Each structure stands twice: as C-alpha cells, then as structure tokens.
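Visitor: any chance you can model this:
(chains A and B)
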Amino acid sequence: MSSILAPEEVERIARLARLAISVDERDLFARQLTSILQYAEQLREVDTTGVAPTSHPLALSAPLRDDETRPSLSRDEALKPAPDADLGAGLFKVPRVLGA
Amino acid sequence: MSAAPETARAIRDAVAAGSRSARDVCRSALDRIRDADRQLNAFRHVDEEGAMARAAEIDARRTELQALPLLGVPVAVKDNICTRRMPTTAASRILEGYLPPYDATVVQRLEQAGAVIVGKTNCDEFAMGSSTENSAYGVTRNPWNLERIPGGSSGGSAAAVAAGLVPLALGSDTGGSIRQPAALCGVTGLKPTYGRVPRYGLIAFASSLDQIGPIASTVEDAALAFSVIAGHDDRDATSTAAALPDLSAASTSLRGVRVGVPRALMSDGVEADVLAAVEGALKVLEEQGAVLQTIDLPHSRHGIAAYYLIATAEASSNLARYDGVRYGVRAAGEGRTVASMYESTRGAGFGAEVKRRIMLGTYVLSAGYYDAYYLKAQQVRTLIGNDYEAAFEKVDVIALPTSPTGAFPLGERTSDPVLMYLADVFTVGANLAGVPAMTVPCGFTEAQLPVGLQFTARKMDEARLLQVAGAYQHATDWHRRRPSGLEKAQEVKR
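Guide: Got it, this is the predicted structure:
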C-alpha cells in the first residue's frame, strides 16, 4: 500500500464518487485521507494468510417469501418527495440525457 | 444533581392504571423540550400537534389499550429513522425537508406498543461521527457540560434522555453510535445483535454493521423497548428469524457470572479517571459474586482501522442513491447534464465528513486497492470475530470501558479525523463481530463527566447481556444521577 494521496488522485476519486469538490476541499482531503490511510496501514502487520473475509456478521441465506402481490407505495407517493417530477405523466424529471 | 427522572415503565404503569393521562405526560415532555432544547439542540423536529393528538387518542381508548407495553410513553427517534408524519433528514442538507412516504418498522412497532413519538433527534450527518458535530443543523450539547460534545452519532437521543426530556429514545449504532453517546451523557444504551432489530426505514450507512437500539435511563427500560422493536420483519432481508429471548425472569444476582476483562486492550490510551471508574465497577461485579477473568482480544487493536475501511466502503455504495432525482434536494444551476447535476447536488448537499467517507470508501473499493484495503479489512474482521467467539467459550460477558475518555470539548477533534475515529476504539468490535453490547453509567471523571461501562455478550444473547447489566445497575445508583444545570428550567415549569 502506498498511501500518499496526491491532489490529482483526490480529484479522480471525487469524479468516481460524483462529488463536486472545491480546490480547498481537494487539498484538505488529500492530507486527511492520507493520514487515515497511513493509520490503516497497521493492518499489514496482521497475518491473514488463508483467512476468509467476513462480508456479513450473520450466516444468512437469502430468504424468500411467497410470490404474491402485496400493497406497495402508489406512484404518486413515490414521486412526491422528488425535487422535480411530473405527477401527471408519472415521471421523475432529470436534465436532458439524449441529444444534450 | 437532580433526582432521577421518571422511567418509561413507571409512566406506562401510571397511564395504564389511569392515575395519569397520556396527555399530561406528553404535555410535560413537550414543555421540557421547549425549555431545555434552546440550550441543547437535541431535537431536529418536535411534532407537538401529532403527539398531543396521539396522547388524546390513548386516553380515549385507555381501557382497550391498557395492556400495551409502552402505553403513553413519550419517545424520541433519531433523525435517520423514517417517520411518515415528520421530516427525516439524517441531519443532512441533501435530505432537507424530506418527508418519507412510509414509517420504519421500529416506528410502527413503537406506535403499536402505545408509545407517543414526540420528535426527531439530532445526529451526525448520516450517522457518521462520534460527537454530533457533523450535523448540518448545529451541534447538540452535552447536558452535563454545555461546552462539551454529547458523543455521537446518536447525540441528540442520548442528550434528550440524559436531560430528562423523554424517558426513551431510539438511536442507531454502526460503530458505537448508541453506546458512546449514551456513555458520555450518563445514560443506558443497547446495541442489539446484528439482525435482531429490523432496519426497514433506517437510512443505510454501512449495511453489514448498522443496528437500531434504545437509549434509556435504566436497563429495565432498555429491555422493555428492545422487546418492542426486536423480531423478524420480512421487509429487511438481514432480519433474523431467531426466537426472541425471554427477558421476564431476569435475575439480579451476579453469582457465578464469568466476566471477561480484556486487560491488554485497556492498557493504552484510556483516561485515568475513566479507568478508575471502570475498575471500581469491576470491583462491584466481583463483590456481587461475579468471577473476573482476564481475556485477550488480540486483534481488537486493529478494529478502528478495519472498521473505517469497511464502513466507508459500504457507505460509498449506500450514499450513491442521493443524486437529486428521487428525494431530497437538487442543486440549482449547473445542471446541464445529468452527471453535472449529480456532482453539484452531492457537492452542495453533503458535509465534509460524509464527503471524506464517501471518498475513502470509493478509493478502497477502486481497482488496484481493493485487495490491499477492503479485502484485508474483511479478513481482519474475521479474526476479530474469532477472538470474540474464543472469549465466549470461557466467559459469559465481556466488560470494557465504552469510551476511552469522558465527553471532550466542542471543536477539539473536528480537524483531525483519525483522532475523532479513535473515540470508537472500544465500540467498533461489537459491530464487526455482530454481537450485542450495551453501556451503563459507572461513575464520573473529576470534571463531573459521566463514564460508561460496556458489556458484550454472545450473538443473540441479549438476555444475558441485559441480566448482567441490570444486576450491576441494581447494585449501583450511577444511573439515577442527572445533570443539574438544566434543572432550573424544568422546576420553574412545574
């Protein structure tokens, strides 16, 4: 692990995460994320040869329920919290995607 | 110090017996909130009208509802738990004004049990923090010392119970977010076994770690609330179908109970006052007949590192849904393309800590770093879980400080994320291992700040956890102490 994060690397991560950040934030995060990653380097000391990863604390199987119709949110209820929606047409509205 | 506040149990019994009206109980809780919350900022939203209407309904139907376990009990709910009647923001700008179209399972269960939900409590944004300073709506103050943090992320819930505004509150705990604020505010907090309490309607932070639980002023009240909210729900795929523990026969005896003490873990970085209070508590356990045994949790010292890689990785995925399309706020301007609308919405809507964690999580999951960080952390998580299992072959519960320090001053750690993260050093282990854990008050520092003692038990063994914590509380009176600073405002009102 080489855990010095350059400001350009921070910009790349911000783009991957769809986050607009200011130049000040970029420089602050470069320092802070570097110090967090340096702290995390201690994990290298731990011998994990042959250790299975834990993704979840309980051994769960994917539970299935009977395939029957149940009441759910109406379209209007689902659209209502949206910042921009066309309730009449039943649509969430976003900036133009095609032909933009 | 002022007198101990009324317990949920006492309120419920009085309302059920008709010796007190639910309206009277609710009115006085609302009055206390109005008086004290200007100083504390424990609440994000108070639903005065809805709560009074609900209380009136309970009074009108009292004989019919008499058997309900939380009849007429005012409850506060952390603002990352969805409520249909009240805005739910997770203390984030990106969800400002969001009115969920449904209630969380725990909210439904509280109401079915007769509780009166009075409002939503402040927290760190998306439950990410250890001080409640990451709320986009101002910090909550510790009722014991207004210049100090209440802990976090469920700081509003802990402060509200500590100040006697409500007898019961819900929090959520991903790495200590119920236990650490409960400890720093001198109240009782329970993080149940992973999967025990349904999370349908909990705004997700780190899905393999998140768990909802109660904050109360006694173990008995925490047990009461736990038995209301726990149990299978098929709307949450991680909800366990395991039978609920029988809590009815909890003994107050500690005779023969084996208590494991991870001495090596406690040897470093714990404030002297905190250590002294915890040692005093261990002595009480021993006097009550418990058998102390030194145990080792050798990988727990790596808990913080593993936790912050795993939790942020999961958060980066969970928080991808805040994109300005389906709910919450969309940033104005710039939105010429969908991508730039996403970026400006998320850039403006998230606070600094949330951005930091999304970026850390995105980085550790990204190509070339996955094995070195995320996979490694998951392997260390396995070892931490194995340590707990080995320990529980020898002991019934594990005792530890909840927090290495008392409540720290406002602003002390905000510029140093790693220092802030270390506040969770004793709490993240239970989340990584999925085991239940709880905190009870066990003393004070010299600066009169509460200290919490943490117990941990085997998976699904909340019965043992609550029994031991209850027996400790039966033998001590730390949980009866209440901050005096806010007393005047309350007295005047009465």
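
Visitor: does the residue in chain A positioned nearest to chain B belong to a helix, a strand or coil?
Guide: Closest to chain B within chain A is residue A:57: 2.5 Å, counting by Cβ to the nearest Cβ. No exception for glycine: its C-beta is placed from N, CA and C like everyone else's. Following DSSP: H, G, I helix; E, B strand; the rest coil, the label given to residue A:57 is coil.

Visitor: residue B:434 is in contact with that one, correct?
Guide: Yes: if you go by Cβ atoms under 8 Å, residue A:57 and residue B:434 touch, sitting 2.5 Å apart.

Visitor: which residues are common contacts for those two?
Guide: Contact criterion Cβ atoms under 8 Å, 6 or more residues apart in numbering or on different chains; residues shared by residue A:57 and residue B:434: B:194-195, B:385, B:459.

Visitor: biggest separation within those residues, which pair?
Guide: B:195 and B:385 (14.1 Å; Cβ to Cβ).

Visitor: who has more neighbours, these two?
Guide: When residue B:195 and residue B:385 are compared for neighbours, residue B:195 comes out ahead with 24 against 19, by other Cβ atoms under 10 Å in any protein chain shown.

Visitor: which non-adjacent residue is nearest that one?
Guide: In space, and not counting its chain neighbours, residue B:195 is closest to residue B:240: 3.9 Å by Cβ to Cβ, 6 or more residues apart in numbering or on different chains.

Visitor: buried stuff in the helix or strand hosting residue B:56?
Guide: Following DSSP states H and E, one finds residue B:56 within helix B:48-60. By neighbour count on 16 or more other Cβ atoms under 10 Å in any protein chain shown, the buried set for helix B:48-60 is B:50-52, B:54-55, B:58-59.

Visitor: wait, which of those residues is closest to chain A?
Guide: Nearest member of the buried residues of helix B:48-60 to chain A, counting by Cβ to the nearest Cβ, is residue B:50, at 18.8 Å.

Visitor: against residue B:375, how distant is the closest one?
Guide: Using Cβ to Cβ, to the nearest Å, residue B:50 is found at 47 Å from residue B:375.

Visitor: residue B:73 and residue B:214 touch, don't they?
Guide: No: look at residue B:73 against residue B:214 with Cβ under 8 Å: they stay out of range, at 11.3 Å.

Visitor: quick one: contacts for the closest residue to residue B:199 other than its chain neighbours?
Guide: Residue nearest to residue B:199 in three dimensions, not counting chain neighbours: residue B:236, with 5.2 Å by Cβ to Cβ, 6+ apart. Listed by Cβ under 8 Å, 6+ apart, the contact partners of residue B:236 are B:105, B:198-200.

Visitor: residue B:135 belongs to a helix, doesn't it?
Guide: No: Residue B:135: not assigned to a helix; according to three-state DSSP it is coil.

Visitor: tell me, how many residues neighbour it?
Guide: Neighbours around residue B:135, by other Cβ under 10 Å: 26.

Visitor: what's the answer for residue A:99, then?
Guide: 4.

Visitor: if we can go back for a sec, who touches the helix holding residue B:56?
Guide: In contact with helix B:48-60 (Cβ under 8 Å, 6+ apart) are residues B:15, B:21-23, B:25-27, B:30, B:65, B:71-72, B:74, B:85-86, B:111, B:114, B:116-119.

Visitor: residues in contact with the closest residue to residue B:133 other than its chain neighbours?
Guide: Spatial nearest neighbour of residue B:133, excluding adjacent residues (Cβ to Cβ, 6+ apart): residue B:139 at 4.9 Å. Counting by Cβ under 8 Å, 6+ apart, residue B:139 makes contact with B:41, B:131-133, B:149, B:410.

Visitor: out of those, who has the most neighbours?
Guide: residue B:132 (33 neighbours).

Visitor: I figured that one hits residue B:153, correct?
Guide: Yes: in this structure, residue B:132 is within contact of residue B:153 by Cβ under 8 Å, at 6.6 Å.

Visitor: intersection of neighbour lists for these two?
Guide: B:123-124, B:181.

Visitor: ok, and the closest non-adjacent residue to residue B:391?
Guide: Residue B:391's closest residue in space is residue B:295 (Cβ to Cβ, 6+ apart), at 4.7 Å.

Visitor: measure how buried that neighbour is and give me the count.
Guide: 22.

Visitor: near chain A, which residues of the stretch 1-150 of chain B?
Guide: Counting by Cβ under 8 Å from any Cβ of the partner chain, the stretch 1-150 of chain B comes close to chain A at B:98-102.

Visitor: now for the residues you listed, which pair is the farthest apart?
Guide: B:98 and B:102 (12.2 Å).

Visitor: which residue ranges form the helices in chain A?
Guide: With DSSP state H as the criterion, chain A has helices at A:7-16, A:23-40, A:75-79.

Visitor: nearest to residue B:420, out of those?
Guide: Of the helices of chain A, nearest to residue B:420 by Cβ to Cβ is helix A:23-40, at 10.5 Å.

Visitor: identify the residues contacting that closest one?
Guide: By Cβ under 8 Å, 6+ apart, helix A:23-40 touches A:1, A:3-7, A:9-11, A:14, A:21, B:304-305, B:308-309, B:352, B:355-356, B:359-360, B:363, B:373, B:377, B:417-418, B:421.

Visitor: show me what counts as buried in that helix.
Guide: A:25-26, A:28-30, A:32-34, A:36-37, A:39-40.

Visitor: same check on stretch B:149-160?
Guide: Quick answer for stretch B:149-160 (16+ other Cβ under 10 Å): B:149-160.

Visitor: quick one: which of those sit in helices?
Guide: Those of the buried residues of stretch B:149-160 lying in helices (DSSP H): B:155-160.

Visitor: which residues sit against stretch B:366-378?
Guide: Applying Cβ under 8 Å, 6+ apart, the set of residues contacting stretch B:366-378 is A:1, A:13, A:16, A:37, A:40, A:43-44, A:46, A:48, A:53-55, B:305-307, B:309-310, B:313, B:363-365.
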